[in-house]
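Student: got a structure for you, letters missing:
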Ligand code: SF4
Ligand code: SF4
């Protein structure tokens, strides 16, 4: 592709991917014939013209210092062919054009502490939201939860021994920019926001904050002679949506901001349509630095899925087959009235499948 043909720079969106692509991938774009996985963490693609490429996938800690990035680039220059890419779950992939280069590359990655895996029926890296590093509203450090969980689930990353792929995500507020996953660990607020009335008039655009509340629990109010806001605590569902546009409505709390586990979400259309995840456990302590209660529960759910699901069933499909009652029995989790979902708006308003479009 000549310099003139490159896309113009724009202020948003991804840059043109072709300029960074391994030359074999760029020249065979759309021309791949078949692929297989010679071992966990390695993908092998064969093009219609006979070209072959091996991709080695390694886990990273996602939020990386410059020394680590330089180390990964040096590995790419010395052991791969100078090209890398990141997957959406923060795995790094190195591409090589001959099978002989695969083992030395894996050896070097392992030696430097980067596990190779995350392909096929394994548990890929846990996707996590920005956390304290980039976002202004987190109630927990999502990357910390990921680190502690991946330390315990390391073997499931480097082996492919799950019934199907397992995607896990963590989110550090209830807005959940982490998206759908087989298992999701999300912050759950349990108390309404505490309002600092001295600051509201200076910091918050009150009509926007009132409009932000999904259950119309916020009203304008005069407090101590100053314009402020008040919350009807009987209506408030503790979602935290008022906190980003109005930081004086503090909802994060070391004791009352908890973690909840949701399961059964997926984005793929394979076998069944995409599904939303459903709540299975709430009120777990937000307990750094190792979040042991969350780790124990996620491991228990994973073990039940591993033992009871049929080949190729995703977590949500497994639960749909055995029924939620059986799921709660198998995992020994208490079923409470909070698990009953009564919201029906999604049926009419959300297009959850790409199978049919009108
Ligand atoms: S999950 Fe919430 S707090 Fe965390 S990065 Fe996303 S929007 Fe910010
Ligand atoms: S936490 Fe959510 S429900 Fe409660 S007042 Fe704020 S926006 Fe409304």
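Tutor: Done, it's in. Please read these numbers as outputs of a predicted model, since none were measured by experiment. Ligands and ions are numbered 1, 2, ... in the order given.
Student: pLDDT score assigned to the residue of the chain most remote from its centre?
Tutor: Within the chain, the residue lying farthest from the chain centre (CA atoms, centre = their mean) is residue 225, at 44.9 Å. Per-residue confidence at residue 225 stands at 91 (pLDDT).
Student: That one and ligand 2: what is the separation?
Tutor: According to CB to the nearest ligand atom, to the nearest Å, residue 225 and ligand 2 sit 23 Å apart. C-beta here means a position set from N, CA and C on the backbone, and glycine is covered the same way.
Student: repeat for residue 177
Tutor: When residue 177 is compared with ligand 2 (using CB to the nearest ligand atom), they lie 16 Å apart.
Student: Next one: that residue from residue 129, what distance?
Tutor: Applying CB to CB, to the nearest Å, the value for residue 177 to residue 129 is 5 Å.
Student: same question, residue 263
Tutor: On the measure of CB to CB, residue 263 and residue 129 end up 18 Å apart.
Student: sorry, back to before: give me the more crowded residue out of residue 177 and residue 129.
Tutor: residue 129 (23 against 13; other CB atoms under 10 Å).
Student: re earlier: for the residue farthest from the centre of the chain, grab phi and psi.
Tutor: phi 80, psi 0 (degrees, to the nearest 10).
Student: which residues touch the residue nearest to residue 159 when sequence neighbours are not counted?
Tutor: Distance criterion CB to CB, 6 or more residues apart in numbering; nearest residue to residue 159, sequence neighbours excluded, is residue 40 at 5.9 Å. Going by CB atoms under 8 Å, 6 or more residues apart in numbering, residue 40 touches 116-117, 119-120, 122, 158-160.
Student: Go again with 6 Å.
Tutor: 117, 119, 159-160 (CB atoms under 6 Å, 6 or more residues apart in numbering).
Student: Also residue 281?
Tutor: 261, 297, 333.
Student: For those, give me JSON lines that also has distance to residue 239 and pLDDT.
Tutor: JSON lines is the format used below for these (distance: CB to CB, whole Å; pLDDT from 0 to 100):
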{"residue": "261", "distance to residue 239": "18", "pLDDT": "95"}
{"residue": "297", "distance to residue 239": "23", "pLDDT": "96"}
{"residue": "333", "distance to residue 239": "23", "pLDDT": "95"}
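Student: Dump these into TSV; add distance to ligand 2 as well.
Tutor: Shown next, in TSV, are the contacts of residue 281 (distance: CB to the nearest ligand atom, whole Å):
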residue	distance to ligand 2
261	21
297	25
333	26
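Student: Pick out whichever of those sits closest to residue 282.
Tutor: residue 261 (7.9 Å; CB to CB).
Student: Quick check: closest non-adjacent residue to the closest one.
Tutor: residue 281 (4.3 Å).
Student: SS state for the one you found?
Tutor: Three-state call for residue 281 (DSSP: H, G, I helix; E, B strand; the rest coil): strand.
Student: Look at it and report its pLDDT.
Tutor: pLDDT, read off for residue 281, is 95.
Student: Ok, the one 3 residues further on next?
Tutor: Turning to residue 284, the model gives it a pLDDT of 95.
Student: What residues are bridge-paired with it?
Tutor: residue 259 (DSSP bridges).
Student: number of nearby residues for it?
Tutor: Neighbour tally, residue 284, other CB under 10 Å: 18.
Student: ok, it touching residue 262?
Tutor: No - applying CB atoms under 6 Å, one finds residue 284 not in contact with residue 262, separated by 11.8 Å.
Student: Low-confidence ranges, the protein, go.
Tutor: 1-10, 342-358 (pLDDT under 70).
Student: what's in contact with stretch 141-159?
Tutor: So stretch 141-159 is in contact with 40, 59, 63, 115, 117-118, 122-123, 126, 128-129, 131-132, 170, 172, 185, 288, 290-291, 295, going by CB under 6 Å, 6+ apart.
Student: among those residues, which are in strands?
Tutor: Using DSSP state E, 59, 128, 170, 185 are the members of those that sit in strands.
Student: Make JSON lines from these and add neighbour count and distance to residue 268 to it.
Tutor: As requested, these are arranged in JSON lines below (neighbours: other CB atoms under 10 Å; distance: CB to CB, whole Å):
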{"residue": "59", "neighbour count": "24", "distance to residue 268": "21"}
{"residue": "128", "neighbour count": "26", "distance to residue 268": "20"}
{"residue": "170", "neighbour count": "29", "distance to residue 268": "20"}
{"residue": "185", "neighbour count": "30", "distance to residue 268": "20"}
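Student: Appreciated, that's everything.
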